[in-house]
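Enquirer: Sequence and predicted structure are below.
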Amino acid sequence: MSNKVTKAVFPVAGLGTRFLPATKSVPKEIMTLVDRPLIQYAIDEARAAGIEEFIFVTSRGKSALEDYFDRAPELEMNLKSKNKTELLEILDSTNMDSGAIAYVRQNQALGLGHAVWCARRLLGNEPFAVLLPDDVIQADKPCLQQMVEAYNETGGNMVAAMEVPKSRISSYGVLDIKEDMGNLVSVKGMVEKPKTEDAPSNLAVIGRYILSPKVLENIDTMEAGAGGELQLTDAIAKEIIDSDNVYGYRFKGERYDCGSKSGFLQATVAFGLARADLRDDLEHYLEDVMSARKAAQ
């Protein structure tokens, strides 16, 4: 088994009901954050980490997501004829080489563990990454790249982790820490969506994983967990018992939950302010809004 991580799974079968009515016809993953779809941020992060094969776990109604990564010859010709080279470069970043992307269907909504399991035949006996496009991470060095560098030292299984307030801990998978080594922690247990009083720590798992193929075997034999779904957290937790090789990685960066409306809006402001071509106008607008609110109070 190769230890190099070159494959990544993107679970994108969800219905995006929190963004209705927009997601009635538009897959949530191609809703735009500033001027790029959410899925583009995930793809760019994976590319920076050395990922070469991209596996999308989809469902009905996701054809626009597939089309996004295809070439657009008419648009390319139009931009070339007008010598818009900068826009052509942007467009080229959305294209994927033939065979680089594969699509598999998740026919039933049985949880994240089941979604990853659906890709098992394409993953083979190799370690692989999982990226949830809802979790957008703003960082100088992309989060998955940070994790791959740490994984090259540890092997095993690795999850991205961040401290969250106790009041929100029941919304996450939570790590029970065996040894805290700073950015890296070894894990002695994982609990999916615990009650606040039962949480072993406030270190929560977010949507980046590097997993061994053994996790797929665990999903094969496990029963439904929290919410009646096959939980990826449960399959990883079994590796703690069997192999004692699970690590949490405190990444450097700011995570935005773009699966929620408030998180999506926060990310839009943050990424807008990070853009030199947008920063001044956006800052002035926000200052005017805050001044108007204070005056109204």
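Expert: Cool, the structure landed. Computed from a predicted model, the values in this text were never measured in an experiment. Residues are numbered from 1 along each chain as shown.

Enquirer: can you give me the strands in this protein?
Expert: Assignment of strands within the chain using DSSP state E yields the ranges 7-11, 32-33, 36-37, 53-58, 101-105, 128-131, 135-138, 157-163, 173-180, 184-192, 203-211, 246-250, 254-257.

Enquirer: Include mean pLDDT when you put the ones you listed into a markdown table, please.
Expert: Listed next are the strands of the chain as a markdown table, based on pLDDT from 0 to 100:
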| stretch | mean pLDDT |
| --- | --- |
| strand 7-11 | 96 |
| strand 32-33 | 94 |
| strand 36-37 | 94 |
| strand 53-58 | 94 |
| strand 101-105 | 92 |
| strand 128-131 | 98 |
| strand 135-138 | 97 |
| strand 157-163 | 96 |
| strand 173-180 | 91 |
| strand 184-192 | 91 |
| strand 203-211 | 95 |
| strand 246-250 | 96 |
| strand 254-257 | 96 |
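
Enquirer: Out of the ones you listed, which is closest to N83?
Expert: N83 lies closest to strand 36-37 among these, at 23.3 Å (Cβ to Cβ). In short, each C-beta sits where N, CA and C put it, glycine included.

Enquirer: Show residues contacting the closest one.
Expert: Outside of strand 36-37, the residues that reach it under the criterion Cβ atoms under 8 Å, 6 or more residues apart in numbering are 29-31, 68.

Enquirer: how much space between C118 and T58?
Expert: C118 sits 9 Å away from T58, going by Cβ to Cβ, to the nearest Å.

Enquirer: and for these two, which residues touch both?
Expert: Shared contacts of C118 and T58, defined by Cβ under 8 Å, 6+ apart, are found at 104-106.

Enquirer: Out of the residues you listed, which end up buried?
Expert: Among the shared contacts of C118 and T58, those classed as buried by 16 or more other Cβ atoms under 10 Å are 104, 106.

Enquirer: before we move on, the earlier item: turn the strands of the chain into a markdown table, including distance to M147.
Expert: Compiled in a markdown table, those are given as follows (distance: least, Cβ to Cβ, whole Å):
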| stretch | distance to M147 |
| --- | --- |
| strand 7-11 | 12 |
| strand 32-33 | 22 |
| strand 36-37 | 22 |
| strand 53-58 | 17 |
| strand 101-105 | 22 |
| strand 128-131 | 8 |
| strand 135-138 | 11 |
| strand 157-163 | 6 |
| strand 173-180 | 15 |
| strand 184-192 | 10 |
| strand 203-211 | 6 |
| strand 246-250 | 5 |
| strand 254-257 | 13 |
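
Enquirer: quick revisit: farthest-separated two in the contacts of strand 36-37?
Expert: For these, with distances taken as Cβ to Cβ, the pair at the greatest spread is M31 and Y68 (11.5 Å).

Enquirer: can you tell me which of the contacts of strand 36-37 lies nearest to S98?
Expert: Nearest to S98 among the contacts of strand 36-37 is Y68, at 15.5 Å by Cβ to Cβ.

Enquirer: just to revisit the earlier point, out of the contacts of strand 36-37, which is nearest to P133?
Expert: The shortest approach to P133 among the contacts of strand 36-37 belongs to E29, at 5.0 Å (Cβ to Cβ).

Enquirer: so who does that closest one touch?
Expert: Residues counted as contacts of E29 (Cβ under 8 Å, 6+ apart) are 12, 37-39, 62, 65, 133.

Enquirer: A115 too?
Expert: Residues touching A115, when contacts are defined by Cβ under 8 Å, 6+ apart, comprise 9, 11, 13, 57, 106.

Enquirer: any idea how far A129 is from the first one?
Expert: The span separating V9 from A129 equals 7 Å under the rule Cβ to Cβ.

Enquirer: Any idea which helix or strand in this protein has the lowest mean pLDDT?
Expert: Every helix and strand in the chain was compared by mean pLDDT, DSSP states H and E; the lowest is helix 63-68, with a mean of 84.

Enquirer: List the neighbours of it that are in contact with it.
Expert: Contacts of helix 63-68 from elsewhere in the structure, counted by Cβ under 8 Å, 6+ apart, are 12, 26-27, 29-30, 37, 39, 56, 58, 94, 103.
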